[in-house]
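**Student:** can you look at this prediction? I've put the sequence above it.
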Amino acid sequence: MSLTKPKSSRLLHIDALKAFAAQLIVLHHLSAYGPIADAIQTLAPQLIAALYHYGRMAVQVFLVVGGFLSARAFSARGQLFEGSLPEQLWRRYLRLTLPFMAAVLLTLVCSALIASWLPELAPESVGLPQLLAHATLLHGVLGYESLTVGAWYVAVDFQLFALLLLILCLARGLNSSFVLARSQARFVGPALVLLLSLASLFAFNRDASLDIWAPYYFGAYGLGALVHWLGLVSYRRAGLYLISAAVLIALLLDFRERVALALLTAWVLAWLQQRHQSQQCLLADRRIAPLLAHLGTHSYALFLVHFPICLLVNGLFEHRDAEHAWSALLAALLALALSNMAAVPFYRWVEAPSARLRVGPLLARLLPKASRS
């Protein structure tokens, strides 16, 4: 398995954060599902409890990083968003959904293979409406059971992307209406993102019934976007202090570990981004940079493909050696290694082609000019 050769402009600190979060999520699911987790529980109960409780919060890292990357894509230099909203949404939908549905189908195949050994890990039934709900990323909204772990995150990721895009389009519209000076117009979008982030942290994120909607998670996502914009101005540290103070007040009002982790991730990201901009990246060592680039590149593929691999390994463990804790530990390590290996062809043959799809020419013929103005 060859490692990805990092480009000189690659954000290795982003790769490091994505790689860390993806590996931790795999370990979390290994601690949460199947006989492997049950067997290791007898050997290291505290380890299993920690991976189960804290591993799932690695999603906060993905949320912060996702907000940062989206803001960077839409407004690399702090400028107003200039692209087409429908085209951006459609491209994002394809990039997320095609690999996601491939992973869903792979999970269903693996579930069928281990159903006789581990019926509790296989879905009771799968119908066309449920598959269509997953394909449209509406499974959570419509109340369908997820067919693979992490399905909720893919849907929320698309919602968050769309919400940030709508905010930036609103900022562009406000600039057109009020004809703001360029120095003022560039702050409208970040200001709106800050307001919605605070609304999320103080209100939406405190209501668990909203956890299928983007506003519930926008506090973390918005922090990542704000870290990008603060990196473009001279008062970045003062701005980060003020935003952090607001987040701390929200935590004093209602402490949530996930929000604390999102704030910590934002601080780490801001520090690493500053080091990157000053050409002092601590991760650019020739010995570790290719590994970080490889793991970061394949992090979404790993997120999608690891569960069917874990199903198969759990099924084989249950069938052959379900009572030995040390064998379970080896099986967990094997599942982690196989998941990382499977992510490589999945990225090459499924995710990367999905990302390369170009829909602009087609939309240009289908959409009226007004929608792209």
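**Tutor:** Happy to help now that I have it.

**Student:** in stretch 126-139, which residues are buried?
**Tutor:** Residues 126, 130-131, 133-134, 137, 139 are the ones in stretch 126-139 that count as buried (16 or more other CB atoms under 10 Å). The way it works is simple: take the backbone N, C-alpha and C, and place the C-beta from them, glycine included.

**Student:** endpoints of that stretch, how far apart?
**Tutor:** In stretch 126-139, first residue to last residue: 13 Å (CA to CA, to the nearest Å).

**Student:** what is the mean pLDDT for that stretch?
**Tutor:** In this model, stretch 126-139 carries a mean pLDDT of 97.

**Student:** need the residues that contact that stretch.
**Tutor:** Contact with stretch 126-139 is made by 93, 96-97, 100-101, 104, 108, 142, 144-147, 151, 154-155, 158-159, as judged by CB atoms under 8 Å, 6 or more residues apart in numbering.

**Student:** which ones among the buried residues of stretch 126-139 map onto strands?
**Tutor:** Judged by DSSP state E, strands contain none of these.

**Student:** dump those to JSON lines, plus distance to residue 22.
**Tutor:** Converted to JSON lines, the buried residues of stretch 126-139 look like this (distance: CB to CB, whole Å):
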{"residue": "126", "distance to residue 22": "26"}
{"residue": "130", "distance to residue 22": "26"}
{"residue": "131", "distance to residue 22": "26"}
{"residue": "133", "distance to residue 22": "25"}
{"residue": "134", "distance to residue 22": "21"}
{"residue": "137", "distance to residue 22": "20"}
{"residue": "139", "distance to residue 22": "22"}
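
**Student:** name the SS class of residue 286, please.
**Tutor:** coil (DSSP: H, G, I helix; E, B strand; the rest coil).

**Student:** phi, psi for it please.
**Tutor:** phi -60, psi -20 (degrees, to the nearest 10).

**Student:** pLDDT weak spots in the stretch 201-350 of the chain?
**Tutor:** Along the stretch 201-350 of the chain, the parts satisfying pLDDT under 70 run over 279-284, 322-323.

**Student:** in the strand or helix carrying residue 311, which residues are buried?
**Tutor:** Residue 311 belongs to helix 299-320 when assigned by DSSP states H and E. The neighbour-count check on helix 299-320 (16+ other CB under 10 Å) flags 299-318 as buried.

**Student:** compute the inter-axis angle for the helix or strand just after that helix and helix 299-320.
**Tutor:** Where DSSP H and E defines the elements, the next helix or strand beyond helix 299-320 is helix 325-346. Using axes from the mean of the first three to the mean of the last three CA atoms, to 10 degrees, the interaxial angle of helix 325-346 with respect to helix 299-320 works out to 140 degrees.

**Student:** which strands and helices sit next to the helix or strand that helix 325-346 is followed by?
**Tutor:** Downstream of helix 325-346, the next assigned helix or strand under DSSP H and E is helix 352-356. Applying 3 or more CB pairs under 8 Å, 6 or more residues apart in numbering; DSSP states H and E, we find helix 352-356 packed against helix 85-114.

**Student:** flag every buried residue along the helix it packs on.
**Tutor:** In helix 85-114, counting by 16+ other CB under 10 Å, buried: 85, 87-88, 90-93, 95-104, 106-108, 110-111, 114.

**Student:** likewise stretch 288-300?
**Tutor:** Those would be 289-300, for stretch 288-300 by 16+ other CB under 10 Å.

**Student:** now swap in stretch 148-167 and tell me
**Tutor:** Under 16+ other CB under 10 Å, the buried positions of stretch 148-167 are 148-151, 153-165, 167.

**Student:** one more: stretch 165-180?
**Tutor:** 165, 167-169, 171-172, 174-175, 180.

**Student:** tell me how far the most centrally placed residue in the chain lies from residue 225.
**Tutor:** Centroid-nearest residue in the chain: residue 62, 3.9 Å away (criterion: CA atoms, centre = their mean). Distance, residue 62 to residue 225, using CB to CB, to the nearest Å: 14 Å.

**Student:** same check on residue 143?
**Tutor:** Taking CB to CB, one finds residue 143 at 30 Å from residue 225.

**Student:** tell me which of these two has more neighbours.
**Tutor:** More neighbours surround residue 225 than the other of residue 143 and residue 225, with 30 against 9 (other CB atoms under 10 Å).

**Student:** enumerate every residue touching that one.
**Tutor:** 67-68, 70-71, 164, 190, 193.

**Student:** let's see that with 7 Å instead.
**Tutor:** 67-68, 70-71, 164, 193 (CB atoms under 7 Å, 6 or more residues apart in numbering).

**Student:** and for residue 81?
**Tutor:** Neighbours of residue 81 in contact, by CB under 7 Å, 6+ apart: 74-75, 168-169, 172.

**Student:** distance of residue 146 from residue 138?
**Tutor:** Distance from residue 146 to residue 138, by CB to CB: 12 Å.

**Student:** so residue 266 sits against residue 65, correct?
**Tutor:** No. With contacts counted by CB atoms under 7 Å, residue 266 stays clear of residue 65, the gap being 9.8 Å.

**Student:** now do the shared contacts for the two.
**Tutor:** In contact with both residue 266 and residue 65: residue 224, using CB under 7 Å, 6+ apart.
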